[in-house]
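Just a sequence and a predicted model for now, questions to come.
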Amino acid sequence: MANSLVEVFRIKELRKRIGFTALMLVIFRLGAILPIPGINVNALKVYFMSAGSSSAIGLTDYLDFFAGGAFKNFSVFMLGIMPYISTQIIMQLLLVVFPSLKRLSEEDGGRKKIQKLTRYGTVGLSLLQSYVVTIYARSIPDALTIDILPYTLIAMLTVTTGTMFLVWIGEQITQKGIGNGISLLIFAGIVARIPSAVVTLVKTVQGGQLNPVVVLIVLAMFVAVVALVIYEQQGQRKIPVHYAKRVVGRKMYGSQSTYIPFKINPSGVIPVIFASALLSFPLQIATSLGPEVEWLARFANWLRPQGTPYLLIYTLLIILFAFFYTQVSLNPTEISRQIRENGGSIPGIRSEKIEEYLTKVLNRIVFPGALFLAFIALIPTLAQQFFNFPASVAMLLGGTSLLILVGVDLDTMSQIEGHMRMHHSEGLIKKGRIKSRNL
């Protein structure tokens, strides 16, 4: 493994890509601590330290976790990349609902048009969320150093620009870095919370609130869960396909056999990211407007991250998005059409039954995969209720953070190994091969 890491930095192109990715992530972390103009940072620290563990602060902790600490800092990146992901969800749903948009996406240059519409939608959603944040800032004593109107305009412009700059950084990492820029930004935000979570865990153990033996047992369980997640992310069902002899131009191609790899979890961590983004939007609005609107305060308390309604909705959304994203990325109708057009067949399945067969296989493997994702997402709550773990530590030991960390790490290793194999290197591992998650 050490030789493989040395080989990574010997390849000039790969070294440049890794260096560029690291530089973009450093810029992201710097922006996470750069406050919005007109904010009193000291007043924010006093407020969040004195607020304790009220329900509103619990929601703020949840939002702050996925923003990598940027939300509580009221930084230029306080919304993170979530508005862009929320807009992508809305656009994917619109493509299914409106056939005209679906046809547009399939035309020449249609993908760029859809991407442009997604960016416009991100700007609008960021403006809305940033305005809500300004209302939340007004409820914090001595948080503003300038008048409300100038602060509102400056904050909306700054935060929206920060979100769009993160979108640009993600695209640059995808093009010039090691790939999957948006996922790496979420990954970096979660990793940035690890040091503070470790400090919290140590202080809790030293204060006698947690038994060290219990901590060791939970950490061992955590390692086992990570192994299960990796096993599940890499698992697949191979559908054999046989192609008969065919003539293309003046050449005759012989028969061949291949297979279609259907992964147990074809969508990877996308359902978890989508579910988190979709729930964070109403949570943020309810938390920010709660001090001024009574029914929103009750709604925020009802939909708190550790509450039963939130967990039920979160679980259902993960399962729903797992099926939805699988149908979008692996369309049985399209796959069966391509098989028939190329003279292929699945042994034991009649040609007109291929679509029905593929749909049945996909549903059978996606459902247990979606249930597994939902179970992993509930681990933080179980760790808090049964083992009395601090929230910041429990969120790292399972749930969304664990799936994102493992999934993005596997995909990044796959990207690096692909570049190494292009330069005739052995790759990162000696046996087997890392399968890309295509985030």
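Nice, thanks for sending it over.

element containing the residue nearest in space to the middle of the chain, please.
Closest residue to the average C-alpha location of the chain: Ile273 at 3.6 Å, with Cα atoms, centre = their mean. Element membership for Ile273 (DSSP states H and E) is helix 270-289.

Please work out the average pLDDT along the helix or strand following that helix.
Next in sequence after helix 270-289, counting helices and strands by DSSP H and E, comes helix 294-302. Per-residue pLDDT values over helix 294-302 give a mean of 77.

can you map out the strands along the stretch 201-350 of the chain?
Taking DSSP state E, counting those that start in this stretch, the strands of the stretch 201-350 of the chain run over residues 236-243, 246-248, 251-253, 256-263, 344-345.

try the stretch 51-200 of the chain
For the stretch 51-200 of the chain, strands defined by DSSP E, counting those that start in this stretch do not occur.

quick one, which of the strands of the stretch 201-350 of the chain is packed in tightest?
Among the strands of the stretch 201-350 of the chain, ranked by average contacts under mean count of other Cβ atoms under 10 Å, first place goes to strand 344-345 (a mean of 18). The way it works is simple: take the backbone N, C-alpha and C, and place the C-beta from them, glycine included.

Skipping its backbone neighbours, what lies nearest the residue nearest to the centre of the chain in space?
Ile85 (6.2 Å; Cβ to Cβ, 6 or more residues apart in numbering).

Just confirm that neighbour contacts Ile182, I think it does.
Yes: Ile85 is within contact range of Ile182, at 7.3 Å (criterion: Cβ atoms under 8 Å).

for the stretch 151-300 of the chain, what are the low-confidence residue spans?
245-255, 287-288, 290-292 (pLDDT under 70).

do the stretch 1-150 of the chain as well
Low-confidence segments of the stretch 1-150 of the chain (pLDDT under 70): 1-5, 51-59, 62.

Any idea how many residues pack against Lys12?
Burial of Lys12 is recorded as 9 neighbouring residues (other Cβ atoms under 10 Å).

What separation do you get for it and Met24?
19 Å (Cβ to Cβ, to the nearest Å).

likewise Asp108?
Distance check for Asp108 against Met24: by Cβ to Cβ, it reads 31 Å.

And the two? Which one has more around it.
When Asp108 and Met24 are compared for neighbours, Met24 comes out ahead with 21 against 6, by other Cβ under 10 Å.

any idea which helix or strand carries that one?
helix 12-32.

other SSEs contacting that helix?
Judged by 3 or more Cβ pairs under 8 Å, 6 or more residues apart in numbering; DSSP states H and E, the packing partners of helix 12-32 are helix 2-10, helix 148-176, helix 181-191, helix 399-422.

Give me the mean pLDDT for the last one.
Averaged over helix 399-422, pLDDT sits at 78.

Please put the alpha-carbon coordinates of it into PDB.
Extracted in PDB, the C-alpha atoms of helix 399-422 (Å, rounded to 0.1, in the frame of the first residue of the first chain):
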ATOM      1  CA  GLY A 399     -26.200   7.500   9.500                       C
ATOM      2  CA  THR A 400     -25.800  10.000   6.700                       C
ATOM      3  CA  SER A 401     -22.200  10.900   7.500                       C
ATOM      4  CA  LEU A 402     -21.000   7.200   7.600                       C
ATOM      5  CA  LEU A 403     -22.600   6.400   4.200                       C
ATOM      6  CA  ILE A 404     -21.200   9.600   2.600                       C
ATOM      7  CA  LEU A 405     -17.700   9.100   4.000                       C
ATOM      8  CA  VAL A 406     -17.500   5.400   2.900                       C
ATOM      9  CA  GLY A 407     -19.200   6.000  -0.500                       C
ATOM     10  CA  VAL A 408     -17.200   9.100  -1.500                       C
ATOM     11  CA  ASP A 409     -14.000   7.400  -0.200                       C
ATOM     12  CA  LEU A 410     -14.600   4.300  -2.300                       C
ATOM     13  CA  ASP A 411     -15.400   6.400  -5.400                       C
ATOM     14  CA  THR A 412     -12.300   8.600  -4.900                       C
ATOM     15  CA  MET A 413     -10.100   5.500  -4.700                       C
ATOM     16  CA  SER A 414     -11.700   4.300  -7.800                       C
ATOM     17  CA  GLN A 415     -11.000   7.500  -9.700                       C
ATOM     18  CA  ILE A 416      -7.400   7.500  -8.600                       C
ATOM     19  CA  GLU A 417      -7.000   3.800  -9.500                       C
ATOM     20  CA  GLY A 418      -8.500   4.500 -13.000                       C
ATOM     21  CA  HIS A 419      -5.900   7.300 -13.600                       C
ATOM     22  CA  MET A 420      -3.100   4.900 -12.400                       C
ATOM     23  CA  ARG A 421      -4.200   2.200 -14.700                       C
ATOM     24  CA  MET A 422      -4.300   4.600 -17.600                       C
END
